[in-house]
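Engineer: Take a look and give me a structure for this.
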Amino acid sequence: MEEKKEYTMEYVEKFLKEKYKAFLIDESKSIVKIYKIDDKEILKAIMSESEKKDNINIGEVIIITLQSEGNINLTSFKIQGQSKKLYNELLGMIGDSELNYEMKKFKLYGPYMQD
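Structural biologist: Have a look, this model is predicted:
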């Protein structure tokens with residue numbers, strides 16, 4: 001069985017900033033950081049055609065909440081807005097945990113989020 005790499009919060013934050021021009025809008029001292037993506041070109045690029053068609057507020061904003069136990073590795077996240085691509089990328093950064101296993105079984109909401 002291939003061992004999955006765990007991604008540090010520092011790596012995930014750099015990934016969001018560089019790839020998606022996300023910027024930090026709030027954080028708690030230990031476990032939560034909140035990022036915002038509002039660059040219209042990036043938002044268009046990370047949405048599938050069906051997501052663009054079904055999303056009334058297309059291109060406005062995506063909010064990402066990152067959670068970490070001990071502020072070391074990414075342990076959970078929440079996305080407000082629609083992007084299956086971003087969801088799958090962040091899911092891959094959680095590592096082999098009970099939560100990751102459960103999140104992979106989770107059925108994403110909306111017809112454009114289905115495989």
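
Engineer: name the element Leu86 belongs to?
Structural biologist: helix 84-92 (DSSP states H and E).

Engineer: That helix - contacts with which helices or strands?
Structural biologist: Helices and strands touching helix 84-92, by 3 or more Cβ pairs under 8 Å, 6 or more residues apart in numbering; DSSP states H and E, are helix 9-20, strand 62-69, strand 73-80, helix 98-105. All C-beta atoms are positioned from the backbone trio N, CA, C, and that covers glycine.

Engineer: For Glu89, find the nearest of the ones you listed.
Structural biologist: The closest approach between Glu89 and any of those, judged by Cβ to Cβ, belongs to helix 9-20 at 7.8 Å.

Engineer: ok, of the helices and strands packed on helix 84-92, where does mean pLDDT dip lowest?
Structural biologist: Mean pLDDT per stretch puts helix 98-105 lowest among the helices and strands packed on helix 84-92, at a mean of 54.

Engineer: contacting residues for Val12?
Structural biologist: Val12 makes contact with Leu66, Leu74, Leu90, Met93, according to Cβ atoms under 8 Å, 6 or more residues apart in numbering.

Engineer: For the last one, the count of nearby residues, please.
Structural biologist: It refers to Met93. Applying other Cβ atoms under 10 Å, we find 20 residues neighbouring Met93.

Engineer: ok, it touching Ser76?
Structural biologist: No - contact criterion Cβ atoms under 8 Å: Met93 and Ser76 do not qualify, at 10.8 Å.

Engineer: Going by neighbour count, list what's buried in the helix holding Leu86.
Structural biologist: Buried residues in helix 84-92, counted by 16 or more other Cβ atoms under 10 Å: Lys84, Leu86, Tyr87, Glu89, Leu90.

Engineer: Sort out which residues of the one helix or strand Glu41 maps to are buried, please.
Structural biologist: Here Glu41 sits within helix 40-46, counting by DSSP H and E. Buried positions in helix 40-46, judged by neighbour count with 16+ other Cβ under 10 Å: Ile42, Leu43, Ile46.
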